[in-house]
Structure formats: C-alpha cells, structure tokens
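Engineer: for reference, the sequence and a predicted model appear below.
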Amino acid sequence: MHYFKLNIAYDGTDFYGWQIQSNKPTIQGEIVSVLRRITQESVFLHGAGRTDAGVHALGQVGSFCTQSSLSAGEFQRALNALLPHAIRVVGAEEVGPNFHARWSSLAKTYCYRLYRGKVVPPALWRYVLHYPFPLDEDAMRAAASRYVGPHDFASFAASTGSEDDDKERSTVREIYASELANSADGEELLFTVRGRSFLRYMVRKMTGTLLDVGRRKLTPDDIQRLFQLKDRSKSGPTVPPQGLCMVSVEHEESWRL
C-alpha cells in the first residue's frame, strides 16, 4: 500500500464546501471522483479541515492510500489534468502510513479579507467582503488580540444542527495567534487567525464580532464577556463565506519517509 499527501488550492465559489454531498459539487467529491478514475480503486481522501460552501483555500491538505504504483508527481499531473480548473493540486508527496491529513495536523491558519475601497475590482469580488464604511480599526486590532489563548468559543460557533450533538461537543479551542493588519496597498483589512482546530463558522463569527467592535456596537473588553456568556446570539454576525481562505495547515514531521 502507498500513502500520499496532497497540498490543494481551490476557489470555493461554485462548490458546496469541502465535504462530499449527494448530487452537489464539492471539493472532496471532485478529487475523490478523479482519484477513483485514475486508480480504479475505491479510494477515499481525508481533508485537514472541512471548509464551508464558498470558502477558498491556498493550503488545504488531503491524504489517501492506494495500491497504485503511480508516483506522487504522476498523481499530481493526472489530477490537475482531470480536475476542474478551480481546484489545483499544488504539491504531492509519498508519506508514511501514520500520516493523516486531519489527525496529524498541528495547526491551521485562516485569513478573512475585508475590502475597504469604494469599488471592488472585478478580479477580487469573489474573495473579499466589501465594507467601505467607517470602522475603528485600532479597537478591532485590540479585540483581535483578545482571542489568543484557550477559551470557550461557544459564543462564536454555529449549531451543529443537532441539539444532542451541541450538548456533547466541546467548544473549547486554543488560538495561537490572532491579528488584524492592513494589506500592503492599504485597501484591505486582513484578519489572520491560527489555531489547532476550529468550530463550525467560528472564524466567520469572530470576524463579524470584530466588525461590531469596529462599528462601536461592542468593545474589545466585550470579547472576554462573550467567552463567559456562551451565547452565540450575543456575538457579531456570521460574515459571508467568500472573504475566508484556509491559508495553510501544519503537520508533524515524523510521517516523512
């Protein structure tokens, strides 16, 4: 058996997220379909994280195993020849049997882009949230720093859709880094957050809460209060998906051959 790691980039606009769904185009579904076509096996692809519908990636990671004798480079070329142009395999390598895209992950980094200019350039509209209105950016930066550390993010997570699952899941997550910065051209605000794992819609709710701080509906000190409340109705809105991108995933190095 051979084991492979794929680095994957995609424009999520026209897909219903990462996870396979019946009769709907998804990133995982498209790649699995091509892998099965290439190998003639019932191959399954594991992802480092489940991005939602409309969310993009520069550094998603997938892993699969197969009896095929194709090399990593041959898999990469075949996948890119057969996949939609909105999905690219930007790297591929053979790994050891202990590697798993999700369970071997040490950290993930996401970035949400807020476009501040008056008019969004046509090449960017799929990848940013347009917000040209006044914001207290200093307060937003202060609030972003309050996310760092282990906290209960119940106020920043969507329901799983099941009351039983909501009761059983842990909503405690540790954020390693969280910052708001201006893009080089000054036209965008970039919210970048790094952590071990994230709850459903968590980064989008964190971003919406920063917007409410910028609009002075909340203050930076309210972030701690929201952790204590554990009430998602009290935090900011869930911002649209198109501004969010999975930038990178970090893994343990012990899997390397």
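Structural biologist: Received, thanks. Since we're looking at a predicted model, the values are computed, not measured.

Engineer: neighbours of Leu114, how many?
Structural biologist: Leu114 has 25 neighbours, counted by other C-beta atoms under 10 Å. C-beta coordinates here come from the backbone N, C-alpha and C atoms, glycine included.

Engineer: so who does the nearest residue to it once chain neighbours are set aside touch?
Structural biologist: In space, and not counting its chain neighbours, Leu114 is closest to Leu189: 4.2 Å by C-beta to C-beta, 6 or more residues apart in numbering. Contact partners of Leu189, counting by C-beta atoms under 8 Å, 6 or more residues apart in numbering, are 113-114, 116, 135, 137, 140, 180-183.

Engineer: go on, Val247?
Structural biologist: So Val247 contacts 58-59, 109-111, 192 (C-beta under 8 Å, 6+ apart).

Engineer: and for the protein, the residue most distant from the center?
Structural biologist: For the chain, the largest distance from the centre (C-alpha atoms, centre = their mean) belongs to Ser69, which lies 31.8 Å off.

Engineer: just curious, which of the contacts of Val247 is nearest to Gln228?
Structural biologist: Nearest to Gln228, judged by C-beta to C-beta, of the contacts of Val247 is Tyr110 at 24.3 Å.

Engineer: just confirm the closest one is within a strand.
Structural biologist: Yes: under DSSP: H, G, I helix; E, B strand; the rest coil, Tyr110 falls within a strand.

Engineer: name the SS class of the nearest residue to it once chain neighbours are set aside, please.
Structural biologist: Nearest non-adjacent residue to Tyr110, counting by C-beta to C-beta, 6+ apart: Val203, 4.9 Å away. Taking three-state DSSP as the rule, one finds Val203 in the helix state.

Engineer: could you point out which element follows the lowest-mean-pLDDT helix or strand in the chain?
Structural biologist: Lowest mean confidence among the helices and strands of the chain (mean pLDDT, DSSP states H and E): helix 163-168, at a mean of 56. Toward the C-terminus, helix 163-168 is succeeded by strand 172-182 as the next helix or strand (DSSP states H and E).
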